[in-house]
Each structure stands twice: as structure tokens, then as C-alpha cells.
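Participant: next input, structure requested:
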Amino acid sequence: MPKETPRPTPEGSASVSTDKLLSPILDSIGEGVFTVDNSFRITTFNAAAEALTGIRRQDAIGMKCRDVFKADICQRDCALRHTMENNEPRREVRVNILDSRMREVPVRVSTAVLHDQDGAVLGGVEIMRDISELEALRQELNDKVVFQNIVGVSRPMRNLFRILPDVSCSDVPVLITGASGTGKELFAQALHKLSPRSEAPFIKVNCGALPDSLLESELFGHQKGAFTDARSRRRGRFQAANGGTLLLDEIGETSQAFQVKLLRVLQDGEIFPLGSSTPIKVDVRLISATNRDLESMVREGTFRQDLFYRLRVVTLEIPPLRERRQDIPALIDHLLKRISTRRGRQVKGLTPAAHRALASYDFPGNIRELENILERAMVLCHSPDIGVEHLPPEVFSPVQPPMPGAQPQHPAPSPSFPGSTQPAPIHGTPQFASESERLLWALNTCGWNRQKTARYLGISRSTLWRQMKRFRLIP
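Facilitator: Numbers count the residues shown, from 1 in each chain. As a prediction, this is how the structure comes out:
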């Protein structure tokens, strides 16, 4: 990089060249930085670039940048050449370079043009960010069924896993949405553990459990005498999470008055404890979670639009369990191991019929409900495997219950056949709320033997097959 004309300092001390000033500044930057002249020969090369490539500064300076980095875009689509020729910066371009030992290193590069005082192009600058750890983490996520206690093999979960490393390393606010019981807190914990803040605190606050006055005190703290019971000064959760991550769960339950105060914290990075007029600076990564539709609340005027856009810089939408049925077998295995460890007893697993029953259930309570079902089943089960008889009745009612006042639907009496081997219902014939419940009960009663089930219901095997297809009991 060309030197500026030396100018005396106000004190009259000896001038210092730009190069001598620039070198320690560039070496203090964690990313690799280098500059080139108009011939793409390297003019500066910082310490991080040395560490990234394994090439010494004195060897790199004067060389063509393509001979130093041997990047996969050098010949076909050089980001730096594009920038210098079109005066157009490039941002976060994914590139593979080769280090001095010919090992491939994944990096993201950003480029800009260098001009002199008259606007003429002097050369270009490129910043390289090593993403080796991110790439290794992404591969680990792709190879695992369980990661950070999150179970997922389905496409929706793989898509979430794919972006987790990048979102974790960013410091922007994240909004996690999804129905109750889908595991929003697990995702928040994973974002914290994978982030540069992982050694600092992770603090969770349930915004729906406290009224405004207590929530404000809980988050911002209070001074002695701020209110009747404030007998001493108290730090809030924002201060407790300083340097770390704060999860605001059920953010959709807050009032607009409180939303104004939270917005001020996001805008200014400062909190005011109750009873104090002195602001306190806080450095907190904010994650919010909700099972409500905040966009609809914004349209209805019950949630502030400006806060909504501040909170959802990145949104992670966790799908309900009924939309990721591929994950149910892996979740069952994972949860059974956890429950077995907690209870100090083991079961081998589930019978095929019990697996099929759970696979066909819609789980309105999602993963939390599945865990409760398995825990209940382990209490009732005294055999090696959990069977359908250990599952709660709601598992056999995959459709919504009838509206209040509606007449219950009872099954028609099953015909008996002289000399038949029609099985007797388990614990008597129950009252059914739907046709699908009756079908599942019959299948479970007959051990999923289709011939016996068809005879039990008084229908043909082809009719049974169509009903099983209709209710997604077979592929």
C-alpha cells in the first residue's frame, strides 16, 4: 500500500509512516487481512493471514495473491478482481483456500477498493474469516440424530440444524416460534452453547408468569425503597446475564406498556432499575420465544410493530411434531433412555403396535406430551416392552373431540359368527368418539392381525385396508 506524505505532528515530533501505523492495527484484527496493488501483488499481510495460510508476511508481500491463497475462485470468479474492476464490494463470499501444507481451509471473504485522495484506484483489500469450526460443526449436525439434546432426522429439523452454527456465532436478536412443547428452550440453549458467549450466563425469564410491575423488577432490578417491599437493592436478570444470553419466553404475553420499556433497552443497550434515574449499560444477546402469532398481534394492535421487527432479526420456526413424524422413533428412543436413567429402571422399547399407534397420533402437546405418555407407560408397564395397553386413551383419538352438546357417536354392535374365533375386547368395549378411535382399538385388540380385525368389525379385508390408509395407519 502506498505511503502517505509524512506530516509533522502538532507537538513537532518525528513523523510516522502510514505503514508503521497500519501494521499493528491490522495485526490486532482477528480476521486475515491483506491488500494488493493494481497488479494484484500483495502489499500488506497481517498476522491473522499468516496464521491462516502458514505463510510468513515477508514471503507473501510482493507475490500475486492467487499464488499465495490458491483459492477455488482465483481463476473463474475472483471476488477481489470483481471489486476492483467494478468498484463493487463483495460480502461474505464462501471460498476454499489452500494453506502452506496444501490443506483446504474454508473461509468467507469480503472485499473493498482502495482509493487515493483524488479517487484513483490504488488497489484492493480483502478480509478473510476462518469458518473451519463452523463447517465442522455443520457436518457434526448433519451426522447426528441428537445434538445439544435436540432430536431430529426430518427435513424441517435438518434445515434448522443447517443454519444453527451461523446464527449462533452472530449476536443479533433471535425470535423462536412454535407451539407449546416443541422444544423452543432447547434451541435457545443450543444457540447459547454454540456461541462465543457460551462461558457467560444463560438466563431464562417467563414473561407470561409475572404481571408488569414484577416483570420490570425481575428484568431491570430495583433500588432500595423503589416500592413497598423493596428493602434492599436488587440486580435484575439483564445484569445477571451481562456478557451472556437472556431468553424471554412467552414474549407475546407482555403488555404494550412493558414492550415500550423493552424496546428502549434494545435501542440504547441500557436499563433503568426501578427507582433509579441512572442508566446501566448491559451487553446481552437477546433471544425471545413465543407460541403466539406475533404478526397477527401486530395487525390487531396488541403487539408493537417496532419491537416485533427488533426481536425477529432472525426467526427460527420449530415445527409441531405432527409435521415431523420421521422424528418420532428417534425421539422415543432418546426419551426412554432419559426417563430410564431418571427412574432407575429399563424397558427394551415399544411393541410394533405401540409404535404404530404413536406414529399415527397428532400430539397436540408435542414433544412434552410424548415424554409424559412414555413416563406414564413406564409406570404401568411390567413387561420388557411398552404395549398399546400402557398408552393413554387419547392416543386412540387422533381427531378433535366432539363439540359441547353434540351427541356422542357409539359404534354399532359387532356381529358374532357361530364358531368364529372373534376376540373379546380388552377390558370390555369402550365408548368411541370417532371412527378412527374404534378402528385403532380393534386393531390393537386383534394384535394388528388384519384378518381377525376385519372379522371383528364385520367388514371385508379390502374395506379394512382402505380405512387404514384413510387414517394413515399404513403407508
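
Participant: alpha carbons only for contacts and neighbour counts from here, please
Facilitator: Will do.

Participant: list the buried residues of stretch 36-56.
Facilitator: By neighbour count on 16 or more other C-alpha atoms under 10 Å, the buried set for stretch 36-56 is 36-37, 40-50, 52-53, 55.

Participant: ditto for stretch 309-317
Facilitator: Those would be 310, 311, 312, 314, 315, 316, 317, for stretch 309-317 by 16+ other C-alpha under 10 Å.

Participant: of those residues, which belong to strands?
Facilitator: Secondary structure from DSSP state E places 314, 315, 316, 317 of the buried residues of stretch 309-317 in strands.

Participant: dump those into JSON lines; add distance to residue 354 and pLDDT as well.
Facilitator: As requested, those are exported to JSON lines (distance: C-alpha to C-alpha, whole Å; pLDDT from 0 to 100):
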{"residue": "314", "distance to residue 354": "39", "pLDDT": "95"}
{"residue": "315", "distance to residue 354": "35", "pLDDT": "96"}
{"residue": "316", "distance to residue 354": "32", "pLDDT": "96"}
{"residue": "317", "distance to residue 354": "29", "pLDDT": "96"}
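
Participant: these: which two are farthest apart?
Facilitator: For these, the farthest-apart pair by C-alpha to C-alpha is 314 and 317; their separation is 9.9 Å.

Participant: from the buried residues of stretch 36-56, pick the one nearest residue 376.
Facilitator: Residue 376 has its nearest neighbour among the buried residues of stretch 36-56 in residue 52, at 54.3 Å by C-alpha to C-alpha.

Participant: pretty sure that closest one contacts residue 97?
Facilitator: No. Proximity of residue 52 to residue 97 does not meet the contact threshold set by C-alpha atoms under 8 Å, at 9.5 Å.

Participant: show me where the stretch 351-475 of the chain has its strands.
Facilitator: Using DSSP state E, counting those that start in this stretch, the strands of the stretch 351-475 of the chain run over 385-386.

Participant: which parts of it are helices?
Facilitator: For the stretch 351-475 of the chain, the helices defined by DSSP state H, counting those that start in this stretch occupy 352-359, 366-380, 435-445, 450-457, 461-470.

Participant: buried ones in the fourth one, by neighbour count?
Facilitator: Meaning helix 450-457. By neighbour count with 16+ other C-alpha under 10 Å, helix 450-457 contains the buried residues 450, 452, 453, 454, 455, 456, 457.

Participant: buried stuff in stretch 89-108?
Facilitator: Using 16+ other C-alpha under 10 Å as the test for burial, stretch 89-108 gives 89, 95, 96, 97, 98, 99, 100, 104, 105, 106, 107.

Participant: now, which of the residues you listed sits nearest residue 367?
Facilitator: residue 106 (36.5 Å).

Participant: quick one, phi psi at the closest residue in space to the closest one that isn't next to it in sequence?
Facilitator: Nearest non-adjacent residue to residue 106, counting by C-alpha to C-alpha, 6 or more residues apart in numbering: residue 96, 4.5 Å away. Backbone torsions for residue 96, taken as degrees, to the nearest 10, come to phi -110, psi 130.

Participant: what ranges in the protein fall below the confidence cut-off?
Facilitator: Across the chain, the ranges flagged by pLDDT under 70 are 1-21, 137-147, 225-231, 397-434, 437, 472, 475.

Participant: quick one: strands adjacent to the lengthiest strand in it?
Facilitator: Longest strand in the chain by number of residues, with DSSP E as the criterion: strand 104-115. Strand pairing for strand 104-115, using DSSP bridges, gives strand 90-98 (antiparallel), strand 121-130 (antiparallel).

Participant: of all those, which one comes closest to residue 364?
Facilitator: Using C-alpha to C-alpha, those put strand 90-98 closest to residue 364, at 41.0 Å.

Participant: how far off centre is that closest one?
Facilitator: Chain-centre distance of strand 90-98: 25 Å, with C-alpha atoms, centre = their mean, to the nearest Å.

Participant: now stretch 155-171
Facilitator: The answer for stretch 155-171 is 6 Å, by C-alpha atoms, centre = their mean.

Participant: one more: stretch 247-266?
Facilitator: 21 Å.

Participant: buried set for it?
Facilitator: If you call a residue buried by 16+ other C-alpha under 10 Å, then stretch 247-266 has these buried ones: 247-255, 259, 262-263, 265-266.

Participant: restricted to helices, list the residues you listed.
Facilitator: In helices, defined here by DSSP state H, the members of those are 259, 262, 263, 265, 266.

Participant: so which residue is dead centre in the chain?
Facilitator: Closest to where the C-alpha atoms of the chain average out (C-alpha atoms, centre = their mean) is residue 187, at 4.3 Å.

Participant: pretty sure that residue sits against residue 152.
Facilitator: No. Residue 187 lies out of contact with residue 152 (C-alpha under 8 Å); the separation is 12.0 Å.

Participant: contacting residues for residue 313?
Facilitator: Neighbour list for residue 313: 172, 173, 174, 175 [criterion: C-alpha atoms under 8 Å, 6 or more residues apart in numbering].

Participant: and the gap between the second one and residue 180?
Facilitator: Counting by C-alpha to C-alpha, to the nearest Å, the gap between residue 173 and residue 180 amounts to 21 Å.

Participant: same question, the first one
Facilitator: When distances are taken as C-alpha to C-alpha, residue 172 and residue 180 turn out to be 24 Å apart.

Participant: if we can go back for a sec, so which of the ones in helices among the buried residues of stretch 247-266 would you say is closest to residue 156?
Facilitator: residue 266 (30.4 Å).

Participant: show the contacting residues for the closest one.
Facilitator: Residue 266 neighbours (C-alpha under 8 Å, 6+ apart): residue 310.

Participant: looks to me like residue 71 is in a strand.
Facilitator: No. Per DSSP: H, G, I helix; E, B strand; the rest coil, residue 71 lies outside any strand segment and is coil.
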